[in-house]
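Undergrad: Turn this into a model:
(one chain, ligands or ions: 1)
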Amino acid sequence: MRNDTAVMEGVLRSATMHQEWQENFLSGENESFYNRVFDDFFQSLRIAPGTKFLDAGCGPSHKSVLLAQRGCEVDAVDFSEFILRQAEKYIRDKQLTERIHLQRDNLLALSYPDGHFSHVLCWGVLLHVPQVEKAIAELARVVKPGGYLIVTENNMRSLQLVVQRRLRRFFSKNVVRFERKPSGLESWRETDVGPVLARQTDMRWFIQAFEAQDLRLCQHKACQFSEIYTSLRSPFLKKLVHGFNDFWFQHIKNPGWALGNLFIFQKNNH
Ligand SMILES: C[S@@+](CC[C@H](N)C(=O)[O-])C[C@H]1O[C@@H](n2cnc3c(N)ncnc32)[C@H](O)[C@@H]1O
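TA: Alright, predicted model coming up:
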């Protein structure tokens, strides 16, 4: 496990995976989807301007910018120096340097004191963390009693992943390790810079892991129904998937078959 952690840290030091994620997820359609999701949780949690957020595993800081554009003060942390340099440029371009403070930090040992944040966001990160329980404990530690933790994760039982596992021959060309763990199915894919973990998470386990850290589940809903647009060439088909994702998020909301699941946990107030 410790070795897997070092492997992931090594891979994420270089550009390769960050560039792949940016190619896959930075698009106009995704930007408007994320804005919709942020509007939704800002409204339901009644988040006021000036609220202090931790964006844990901020990557290029696009989610930090969405928080800052809604008036929040953000501490954005990531352990990859490479992506922090890109984030710095993006924040400068958006003229949000006053509201977003970037720092190199590791989810496995955050440098903040207990209960430092009223709100913590961790978007699309935990699925890439081998020692996921340790990261969950750290995230829970820095939330203040009564505060909120907003997390997204990929659902092992989603339609997309169930179908992909059935058609494994076509979808798992570079998979070098595929293991069932209590946390879900760990899939390690070989890349030019080394093996990369993407966990297909068992949502029951996931919720229990947060509950064990004195957090209670307040909301569990669908995020993107599918990310199959990342494998499609046709702009028309991509648009169709994004349209369906919007429809599912706004009208169906059920997370059961959706790939992306969004959770809001609240730290218990004793
Ligand atoms: C898929 S990207 C998501 C980035 C961002 N949250 C977003 O939604 O655009 C995952 C990010 O988590 C970071 N990360 C992974 N493990 C981490 C750890 N243990 N500590 C800090 N950052 C980590 C990676 O460097 C990467 O930037």
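
Undergrad: what about stretch 47-67 and the ligand, touching?
TA: Yes. For stretch 47-67, a contact with the ligand is found by CB under 6 Å from any ligand atom, at 57, 58, 59, 62, 63. For every residue, glycine as well, the C-beta is placed using N, CA and C.

Undergrad: Endpoint to endpoint, that stretch covers what distance?
TA: 10 Å (CA to CA, to the nearest Å).

Undergrad: Strands along the stretch 151-270 of the chain, start to end?
TA: 175-181, 184-191, 194-201, 215-222, 260-267 (DSSP state E, counting those that start in this stretch).

Undergrad: what about residue 243, neighbour count?
TA: Neighbour count of residue 243, defined by other CB atoms under 10 Å: 11.

Undergrad: Give me the buried positions along stretch 245-261.
TA: 245, 246, 248, 249, 255, 257, 258, 259, 260, 261 (16 or more other CB atoms under 10 Å).

Undergrad: Just name the most buried of the strands of the stretch 151-270 of the chain.
TA: Stretch with highest mean neighbour count among those: strand 260-267 (a mean of 22; mean count of other CB atoms under 10 Å).

Undergrad: which helices and strands does that strand pack with?
TA: Contacts defined by 3 or more CB pairs under 8 Å, 6 or more residues apart in numbering; DSSP states H and E place strand 260-267 against helix 28-45, strand 143-154, helix 203-211, strand 215-222.

Undergrad: returning to that earlier point: nearest to the ligand, out of the buried residues of stretch 245-261: which one, please.
TA: Of all the buried residues of stretch 245-261, residue 260 has the smallest distance to the ligand: 10.9 Å, by CB to the nearest ligand atom.

Undergrad: residues contacting whichever residue of the stretch 151-270 of the chain sits closest to the ligand?
TA: Proximity of the stretch 151-270 of the chain to the ligand (CB to the nearest ligand atom) peaks at residue 152, 7.8 Å away. Taking CB atoms under 8 Å, 6 or more residues apart in numbering, we find residue 152 in contact with 122, 123, 124, 223, 260, 261, 262, 263.
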